[in-house]
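Trainee: attaching a predicted model along with its sequence, questions to come.
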Amino acid sequence: MRLLVTGGAGFIGSNFIRYILNARPEVAVINLDKLTYAGNLENLTGLEENPRYTFVHGDIGDRRLVSEIFSRGVDAVINFAAESHVDRSIMDATPFIETNIRGTQVLLDVTTEWWREHTAGGPPATPAGPMLERSSIRGAPTDPPAGVTASTTGDNFDTAPVSGGGNSTAGAAGGASPGQAGNGKSRFNGDSGSWEHGSTISTKDLPREDRGQPGTAPAVAFIQISTDEVYGSLGPEGRFTEESPLNPSSPYSASKAAADLLALAYHRTHGLPVAVTRCSNNYGPYQFPEKLIPLMITNALENRPLPVYGDGLNVRDWLHVEDHCRALELVLYRGRAGEIYNIGGHGERTNLAVVRTILHLLDKPAGLIRFVKDRPGHDRRYAIDPSKITRELGWQPRHTFERGLAATVEWYVKNRPWWERIKSGAYREYYERMYGGR
Ligand code: NAD
Ligand code: TDX
């Protein structure tokens, strides 16, 4: 099965790619990522030579590029790509609207086009239900189209060869690969509209169709990765269910809510087998140090102040990223089209409790905590009721917050060069703008 994973150079996407390649030998991943400030190819170190992994540098809003990727074979899409930081959306909502809404629309359009073309007689009358029969049908691999003009972003992109996973034997694994030139990569030049190195890619060099193995086909064609933030803020009681009304507070969460509704509308209108997942706050390795947990760990390690918004009593429901990845695997293989699945780790904590635990784990003084001006529109409490995914797909979180947080702190201690490079770069400028006047 060939999965198009968007935003795979970010925190959750990169964890998912590692997870799924390890868990599912029949899966090959194409990672489409724009490499914004949050995209970091170092998150995927070690996968470069993996024949089941391909990186494409580009924008999900680039229709031509997305169509080109589909023409080379895709069985399902998982859309992680997004502008993901609430504080940035307060400073400038524009990229949030562009990527989270318009980008998602382009992905949905192209996926729907593919779905129509490859579903005999058009979309099914009753869209719900597994797509087992259709899963192995994909666009026949073709040469890169002659005369492809520059992408709308003007991006160039590199592709490492795609190999069919599972029972596919052709492709790059251990031998000649499409357009391979020395470093094992072909490069599409969006400006000239041509493939560089490796002359033309011949159809016979492209990987054969992976027809999947019994039980290994996707149940849905498109998973939209959403967030509990679309539900807005809770009071001290209650938890979000899939039926809770949408009531987003920030430009970020409003853009995610719009994308959810678009995805569900493409299911209802066009029959595209879509599932929407809404998870709570993730934590774990490779999280960009602008989000609460990695920011606090890295600041504490540098003996810098820990900026806590407002009174620090806002509550988030923490989910270890690996538990999230397992939930997504289940939705991919067994989820029902047209459904929403809430994913939460039963990990409600106040921000202050999280920060104090981090300081304790690092043996740093509580005096590092600084209460700073609150975030405008700051949601007070999130809490997810994950009983639907537990009931229907048998998912349960495996990480307790205490153990997961301790392991995460340890990861940041051991991987100092990873976050130091981020913090010493463009991030510093942003950090000044965000916290300078607070
Ligand atoms: P992230 O910011 O770490 O990564 C986002 C990735 O998307 C980056 O690699 C970035 O380069 C890429 N990207 C951005 N715009 C793009 C575009 N136009 N085209 C292609 N790639 C683009 O985000 P994350 O924390 O990994 O979140 C992933 C998804 O999960 C997002 O959709 C987010 O809304 C959702 N989510 C995250 C959390 C969380 O706690 N981190 C919780 C709930 C939901
Ligand atoms: O410096 C800080 N100080 C602070 O008190 C930061 C960065 C955050 N906070 C607070 C704000 C929130 O109450 O910590 C909490 C968590 O903040 P973030 O890490 O920014 O996450 P949040 O706003 O809850 O959103 C996250 O979870 C839902 C992700 O960033 C979103 O992508 C996801 O949809």
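Mentor: Cool, the structure landed. For clarity, every value in this text was computed on a predicted model and none was experimentally measured. Ligands and ions are numbered 1, 2, ... in the order given.

Trainee: Ala9 versus whichever residue of the stretch 101-250 of the chain sits closest to ligand 1, what's the distance?
Mentor: Of all residues in the stretch 101-250 of the chain, the one sitting closest to ligand 1 is Thr227 (3.5 Å; C-beta to the nearest ligand atom). In short, each C-beta sits where N, CA and C put it, glycine included. Using C-beta to C-beta, to the nearest Å, Thr227 is found at 19 Å from Ala9.

Trainee: got it, and Arg375?
Mentor: Counting by C-beta to C-beta, the gap from Arg375 to Ala9 is 26 Å.

Trainee: comparing the two, which residue is more hemmed in?
Mentor: Shown here are Arg375 and Ala9; by other C-beta atoms under 10 Å, Ala9 has more neighbours (27 against 15).

Trainee: quick one: contacts for the more buried one?
Mentor: By C-beta atoms under 8 Å, 6 or more residues apart in numbering, Ala9 lies in contact with Asn31, Asp33, Leu35, Gly39, Asn40, Leu41, Asn43, Leu44, Phe55.

Trainee: show me where the stretch 251-400 of the chain has its strands.
Mentor: Assigned by DSSP state E, counting those that start in this stretch, the stretch 251-400 of the chain shows strands spanning 274-279, 282-283, 306-309, 315-317, 319-320, 340-343, 348-350, 369-372.

Trainee: look up phi and psi at Ala28.
Mentor: Per-residue torsions, Ala28: phi -120, psi 140 (degrees, to the nearest 10).

Trainee: so it makes contact with Arg52?
Mentor: Yes. Under the criterion of C-beta atoms under 8 Å, Ala28 makes contact with Arg52 at 4.3 Å.

Trainee: in TSV, list the strands of the stretch 251-400 of the chain along with mean neighbour count, distance to ligand 1 and mean pLDDT.
Mentor: Listed next are those as TSV, based on neighbours: other C-beta atoms under 10 Å; distance: least, C-beta to the nearest ligand atom, whole Å; pLDDT from 0 to 100:
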stretch	mean neighbour count	distance to ligand 1	mean pLDDT
strand 274-279	26	5	98
strand 282-283	24	4	98
strand 306-309	20	16	98
strand 315-317	21	9	98
strand 319-320	26	8	98
strand 340-343	25	9	98
strand 348-350	18	14	98
strand 369-372	15	21	98
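
Trainee: looking at those, which is closest to Arg72?
Mentor: Each of the strands of the stretch 251-400 of the chain has some distance to Arg72 by C-beta to C-beta; the shortest is strand 274-279, at 22.1 Å.

Trainee: can you give me the buried ones in stretch 224-233?
Mentor: The neighbour-count check on stretch 224-233 (16 or more other C-beta atoms under 10 Å) flags Gln224, Ile225, Ser226, Thr227, Asp228, Glu229, Val230, Tyr231, Gly232, Ser233 as buried.

Trainee: cross the contacts of Ala9 against strands and list the overlap.
Mentor: Asn31, Asp33, Phe55 (DSSP state E).

Trainee: pretty sure Tyr53 is in contact with Asn22, am I right?
Mentor: No. Assessed by C-beta under 8 Å, Tyr53 is found out of contact with Asn22, at 11.4 Å.

Trainee: what about the two, which has more around it?
Mentor: Counted by other C-beta under 10 Å, Tyr53 and Asn22 do not tie: Tyr53 has more neighbours, with 24 against 10.

Trainee: for the closest residue to the more buried one other than its chain neighbours, helix, strand, or coil?
Mentor: Excluding the flanking residues, the one nearest Tyr53 by C-beta to C-beta, 6 or more residues apart in numbering is Leu47, at 4.6 Å. Under DSSP: H, G, I helix; E, B strand; the rest coil, Leu47 falls in the coil class.

Trainee: so who does Leu47 touch?
Mentor: Neighbour list for Leu47: Ile17, Arg18, Leu21, Tyr53 [criterion: C-beta under 8 Å, 6+ apart].

Trainee: quick check, pLDDT for Ala146.
Mentor: We have a pLDDT of 29 for Ala146.

Trainee: now the one 10 residues further on
Mentor: Predicted confidence (pLDDT) at Asn156: the value is 30.

Trainee: residue boundaries of the helices in the stretch 301-438 of the chain?
Mentor: 321-334, 351-362, 387-393, 401-414, 416-423, 426-435 (DSSP state H, counting those that start in this stretch).
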